[in-house]
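In: Predicted model and sequence below, questions to follow.
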Amino acid sequence: MNSRSTPRTLAAVTTALIALGGAVACGTDETAGSDPDRIDVVAGFYPLQFVTERVGGDAVTVTNLAKPGAHPHDMELSPSQVGQISQAELVVFLDGFQPAVDTAVEQNAEDRAFDVATVQPLLDAAAGGHSHDHGDGDDHGGEDGHDHDHEEKPAGPTQPAEEQHTDGDGAKDPHVWLDPTRLATIGDKLAERLGQLAPERAADFTTRAQQLRTELEQLDGEFTAGLETCQRREIVVSHTAFGYLTQRYELEQIGITGLTPENEPSPQRLAAVAEEARTHKATTIFFETLVSPKVAETIAAEVGAKTAVLDPLEGLSATGDGDYFSVMRANLQALRTALSCS
């Protein structure tokens, strides 16, 4: 418990721990503290679970707070989940991505937290003309609403308040895992942190992180080669979650909404995206597994394009099929098809 805890916080945590004592872990997640021979780690959402399990191996037990098929952004924590955070030896999270997790970490595990947002500087959410829903539909980020050079561009004065909060000055794009090289660096730093908790296994963590880096660099090479020669380089996506991917592989994203997928785009924004899709002869409008495809389907029907999944990998589908590598390779194939890559 950190020094900033209040009586109210202590009471809440006590209640959570009581609930935890009589609760069964949800789904297939294991309850923190179940194996004294392993480091008990709580991960905020799937990509963090993935990298922790790969680096930690059989030395860690990882509990993922986000259930498969559920959007991790706005999840609420149950008392038992707060208890898991309180008991964990390490909490791996991304500050700013899951507010409920941020609060629980600050109150109950600040000295046992690993914030992946601190590993490398995050991209600005408003960088490079990330498309916003402007009232007039004309000014949507740069000359054509793309990620050109990722120059910082503040939110426009007519931008809705909810998008200003998400994509405005100072906000960061959290989807760092969509650049495999950045995820590799997160793995390296996580190995160091795990090594502090179990010095006798530090060399194993380092070795596992190096193995993961090798695999991620191979994936990076596949993306680079696979997207090198394409007829188009613009992708139309349901929300601008792909800044790291488009920056890394020299693509440009046209977002129907900004970084908050729940925000409804205005009719003006829909018209602007449709116009850009026609201009760039887009054959595909991408939607996501955890977000309704209706808006993407509407634009696709208007411009004579088809729809396909481009997964931002915030979580696995409800079926839990695949892993980080299989989903990323499916993304690569979807991009190659949409962009007519040779």
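Out: Everything's here; your move.
In: quick one: A191 from T63, how far?
Out: 19 Å (C-beta to C-beta, to the nearest Å). For every residue, glycine as well, the C-beta is placed using N, CA and C.
In: cool, H73 as well?
Out: Distance from H73 to T63, by C-beta to C-beta: 19 Å.
In: More neighbours: which of those two?
Out: T63 (24 against 20; other C-beta atoms under 10 Å).
In: looking at this, that one is in a helix?
Out: No. Membership of T63 in a helix is not supported by DSSP: H, G, I helix; E, B strand; the rest coil, which gives strand.
In: Please tell me I have it right and it contacts V41.
Out: Yes. With contact defined as C-beta atoms under 8 Å, T63 counts as touching V41 (7.2 Å).
In: joint contacts of these two?
Out: A88 (C-beta atoms under 8 Å, 6 or more residues apart in numbering).
In: Skipping adjacent residues, who's closest to L197 in space?
Out: I39 (5.5 Å; C-beta to C-beta, 6 or more residues apart in numbering).
In: Counting residues, name the longest helix you see in this protein.
Out: Longest among the helix segments of the chain by residue count, using DSSP state H, is helix 202-226.
In: Output the contacting helices and strands for it.
Out: Here helix 202-226 touches helix 46-56, helix 180-197, helix 243-248, helix 324-338, going by 3 or more C-beta pairs under 8 Å, 6 or more residues apart in numbering; DSSP states H and E.
In: re earlier: the residue nearest to L197 contacts V62, doesn't it?
Out: No. With contact defined as C-beta under 8 Å, I39 and V62 do not form a contacting pair (9.1 Å).
In: distance of C341 from D323?
Out: On the measure of C-beta to C-beta, C341 and D323 end up 24 Å apart.
In: These two: which is more packed in?
Out: More crowded of C341 and D323, by other C-beta under 10 Å: C341, with 18 against 14.
In: List the contacts of that one.
Out: By C-beta under 8 Å, 6+ apart, the neighbours of C341 are G226, L227, E228, T229, C230, Q231, L335.
In: Greatest separation within the residues you listed: which pair is it?
Out: G226 and Q231 (13.7 Å; C-beta to C-beta).
In: Compare those two (neighbour count), which wins?
Out: G226 (18 against 10).
In: name the element I299 belongs to?
Out: helix 294-303 (DSSP states H and E).
In: Off-centre distance for that helix?
Out: 25 Å (C-alpha atoms, centre = their mean, to the nearest Å).
In: Now the residue nearest to G322 when sequence neighbours are not counted: which helix or strand?
Out: Spatial nearest neighbour of G322, chain neighbours left out: L316 (6.9 Å); criterion: C-beta to C-beta, 6+ apart. Assigned by DSSP H and E, L316 falls within no helix or strand.
In: next one: phi and psi at L316?
Out: phi -80, psi 160 (degrees, to the nearest 10).
In: Could you count how many residues lie near it?
Out: When neighbours are counted by other C-beta under 10 Å, L316 comes out with 25.
In: all numbers from here: first residue = 565
Out: Sounds good: first residue 565 from here, last item L880.
In: what about the stretch 765-906 of the chain, any weak spots by pLDDT?
Out: 824-827, 884 (pLDDT under 70).
In: picking up where we left off before, isn't the residue nearest to G886 right up against Y610?
Out: Yes. L880 is within contact range of Y610, at 5.5 Å (criterion: C-beta under 8 Å).
In: Now do the shared contacts for these two.
Out: Joint contacts of L880 and Y610 (C-beta under 8 Å, 6+ apart) are P632.
In: thinking L791 is in contact with L815, fair?
Out: Yes. L791 is within contact range of L815, at 6.9 Å (criterion: C-beta under 8 Å).
In: Identify the contacts common to the two.
Out: With C-beta under 8 Å, 6+ apart as the test, L791 and L815 both reach L899, L903.
In: what residues does stretch 841-856 touch?
Out: Here stretch 841-856 has contacts from 633-635, 708, 796, 798-803, 805, 818, 825, 840, 857, 859-861, 863-864, 867, 869-876, 878-879, 881, 898, 901-902, 904, using C-beta under 8 Å, 6+ apart.
In: tell me which residues in it are buried?
Out: Neighbour counts over stretch 841-856 (16 or more other C-beta atoms under 10 Å) mark A841, H844, A846, T847, T848, I849, F850, F851, E852, T853, L854, V855 as buried.
In: Please identify which pair of these lies farthest apart.
Out: H844 and L854 (25.9 Å).
In: L654 versus the residue nearest to R765 when sequence neighbours are not counted, what's the distance?
Out: For R765, ignoring the flanking residues on the chain, the nearest one in space by C-beta to C-beta, 6+ apart is A623 at 5.1 Å. Distance, A623 to L654, by C-beta to C-beta: 12 Å.
In: higher neighbour count, the two?
Out: L654 (22 against 18).
In: Write down the beta-bridge partners of the more buried one, one by one.
Out: Counting by DSSP bridges, L654 is bridged to V605.
In: got the contact list for the nearest residue to H739 once chain neighbours are set aside?
Out: Nearest residue to H739, sequence neighbours excluded (C-beta to C-beta, 6+ apart): A805, at 4.9 Å. Listed by C-beta under 8 Å, 6+ apart, the contact set of A805 reads D737, H739, L742, L823, P825, E852, P876, E878.
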